[in-house]
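Novice: based on what follows, work out the 3D shape:
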Amino acid sequence: MDFPITQRGRKLHKFTKILREFFQNRAKKSKKDNFKLCIMRKFIKYLGLMVKGRYPKIYGLVFDLRDENQCHNWQLLTQIYRLYPKTIESAINTSNSPCPESKTKNQNNQNKQNKQKTYNKEFIRSFFEDIILRNAFRIFLDLIFNPDNCKGLCCEFEFSCCERQEKSHTDECREKWMNLKNYYSYEFFNEIEVKLSSAEMGESRNLMNCFEEGEDNFDLLVNF
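Specialist: Numbers count the residues shown, from 1 in each chain. Below is the predicted model of the structure:
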């Protein structure tokens, strides 16, 4: 697929093209690395709340127990934690997470070598080498990217899918948010050079069916 050419003659990164469909100054100035940092922090925060047995705020609002989409996907996430607690707890362990350079200066040399300073490509690739975390990430995306709540998504990410922030969003608005979600569901892993399983690569297979069919099938999915 051909992408627009920048003023410097380089082709736009696909995600940059997706992000440029949104409005407001913050969105226009935002780079893909900034959004990557935002989505990673949100994901790890949600996992941390899940481990503590707490519900997250979604779209800046208290978790809605009457919302079938929210409840369903939150239950899928908690099922992953119940089956693989060590994997999830290790993922949210602050000693494994990146920290600012000012903090790393106070650590010994061995810790400096083992700890990343930022959510860079190396750290994120290592984080998502585990298929359990990749599948949990996709459920997280299903949880927050509700195409029927464009207003909430604008609040969640602090930029808008339509220039006037209309009260009644259009199919074009929903398509923009879904393009964002779909990129992070699969193409993002190609960007960070994580090799996907055959099940993940298969377009005709719905991974969520494996979660919903029971623990046995779920266990097979994350361990083949």
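
Novice: can we go C-alpha only for contacts and neighbour counts from here?
Specialist: Noted.

Novice: select the longest helix from this protein.
Specialist: helix 32-51 (DSSP state H).

Novice: skip the chain neighbours and tell me the closest residue to residue 185.
Specialist: Nearest residue to residue 185 in three dimensions, chain neighbours excluded: residue 138, at 5.7 Å (Cα to Cα, 6 or more residues apart in numbering).

Novice: which strands or helices does the helix or strand harbouring the one you found pack on?
Specialist: Assigned by DSSP states H and E, residue 138 belongs to helix 131-144. Here helix 131-144 is seen to pack against helix 68-83, helix 85-92, helix 215-223 when contacts are counted using 3 or more Cα pairs under 8 Å, 6 or more residues apart in numbering; DSSP states H and E.

Novice: could you list the residues in contact with the longest one?
Specialist: This means helix 68-83. 50-51, 63-65, 87-88, 132, 136, 139-140, 142-144, 211 (Cα atoms under 8 Å, 6 or more residues apart in numbering).

Novice: between those residues, identify the one with the most neighbours.
Specialist: When neighbours are taken as other Cα atoms under 10 Å, the top entry among those is residue 140 (23 neighbours).

Novice: worst mean pLDDT among the helices and strands packed on helix 131-144?
Specialist: Of all those, mean pLDDT reaches its minimum on helix 215-223 (a mean of 48).

Novice: picking that back up, what's the angle from the helix holding residue 138 to helix 68-83?
Specialist: If you take axes from the mean of the first three to the mean of the last three Cα atoms, to 10 degrees, helix 131-144 sits at 160 degrees to helix 68-83.
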